[in-house]
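**Q** model this:
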Amino acid sequence: MKKVLINVGLILTIYLIYILQANFFSWFNIASIMPNLFIILVLFIGLFTNRTMGTAYGVIVGLFLDLVIGRNVGINAASLGLIGFLAAVFDKNFSKDSRMTIMLMVLVATIVAESLNYLLNYIFLNINVEILNFIKILSIETIYNLILTIIIYQLMQKAGYYIENEYKGNKILTRYF
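**A** Residues are numbered from 1 along each chain as shown. All right, here's what the predicted structure looks like:
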C-alpha cells in the first residue's frame, strides 16, 4: 500500500513540476533559458529506488513531455530513460549523503541528457546545432539545475530515504556480503 502511495505522490510531483516548468520558470529564466527539473526528478527517482523504476519513470516522463511539447516522440524519453539508468549506476558507486556528490550527479546528468537531446534532434529532425549556442544553453541550464539542487537538497534527501527504505529495505549489511 505504501508503494502505491509513493507512486501516486511521484506522479503528482511530475504534474507539479510540469506546472512549475511551464508557468513559473517561464517568467524566471536566465537569458530565456529555463532549468530542466525533470532531469533532477528522474535522477532522484533512480537514485532512491532501483534501476528499473528509474528508467521506467524516465521513459514515461519523457514520453509525457514529448507528447505535450515535443516535435518528435521518443527524444526526451530516450534521454530521461538514460538518466534513470545512469542514476542507478551512480547509486552503486557513490554516496547520496553528500551535497557535493548529489550536485556532481546533477551536473553529469544535465550534461548527458541535454547532449543526447541535441544529438537526437540533430539526427532525426535535421536541426543545425550551433556549438557555441549549445554550450551557452548547456552551461546556463546546468548552473540553474545546480542552484535548484542546492535549494531542494534537504527535501530530496528526506523524501528519498523514505522511498529507499520502502523499496530497498534496510539491507546495509547484506549489500556488502
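**Q** Could you give the number of residues near the residue lying closest to Gly58 once chain neighbours are set aside?
**A** Excluding the flanking residues, the one nearest Gly58 by C-beta to C-beta, 6 or more residues apart in numbering is Gly84, at 3.2 Å. Every residue, glycine included, has its C-beta placed from N, CA and C. Gly84 is flanked by 30 other residues according to other C-beta atoms under 10 Å.
**Q** Roughly how far does Gly84 sit from Ala113?
**A** 10 Å (C-beta to C-beta, to the nearest Å).
**Q** For the helix or strand where Leu12 lies, list every residue counted as buried.
**A** Element membership for Leu12, per DSSP states H and E: helix 2-19. By 16 or more other C-beta atoms under 10 Å, the buried positions in helix 2-19 come out as 6, 10, 14, 17-18.
**Q** Next: stretch 71-88.
**A** 75-88.
**Q** out of these, who's nearest Gly54?
**A** Gly84 (3.4 Å; C-beta to C-beta).
**Q** how far away is the spatially most central residue of the chain from Leu86?
**A** Against the mean C-alpha coordinate of the chain, by C-alpha atoms, centre = their mean, the closest residue is Ile39 at 2.1 Å. Taking C-beta to C-beta as the measure, Ile39 falls 10 Å from Leu86.
**Q** From the contact counts, what lies against the longest helix along the chain?
**A** Assignment by DSSP state H gives helix 131-167 as the longest helix of the chain. In terms of contacts (3 or more C-beta pairs under 8 Å, 6 or more residues apart in numbering; DSSP states H and E), helix 131-167 is packed against helix 2-19, helix 37-48, helix 99-125.
**Q** Including distance to Gly62 and mean pLDDT, could those go into TSV?
**A** Listed next are the helices and strands packed on helix 131-167 as TSV, based on distance: least, C-beta to C-beta, whole Å; pLDDT from 0 to 100:
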stretch	distance to Gly62	mean pLDDT
helix 2-19	11	91
helix 37-48	8	93
helix 99-125	9	91
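**Q** Is it possible to get these out as TSV so that each row also shows distance to Asn93?
**A** TSV is the format used below for those (distance: least, C-beta to C-beta, whole Å):
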stretch	distance to Asn93
helix 2-19	24
helix 37-48	11
helix 99-125	10
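**Q** on contacts alone, who are the packing partners of the strand or helix carrying Asp66?
**A** Asp66 is part of helix 51-68 when elements are defined by DSSP H and E. Counting contacts by 3+ C-beta pairs under 8 Å, 6+ apart, helix 51-68 is packed against helix 2-19, helix 37-48, helix 75-93.
**Q** Out of these, flag the one nearest Glu130.
**A** helix 75-93 (18.5 Å).
**Q** Packing partners of the closest one?
**A** Contact here means 3+ C-beta pairs under 8 Å, 6+ apart; on that basis helix 75-93 packs against helix 37-48, helix 51-68, helix 99-125.
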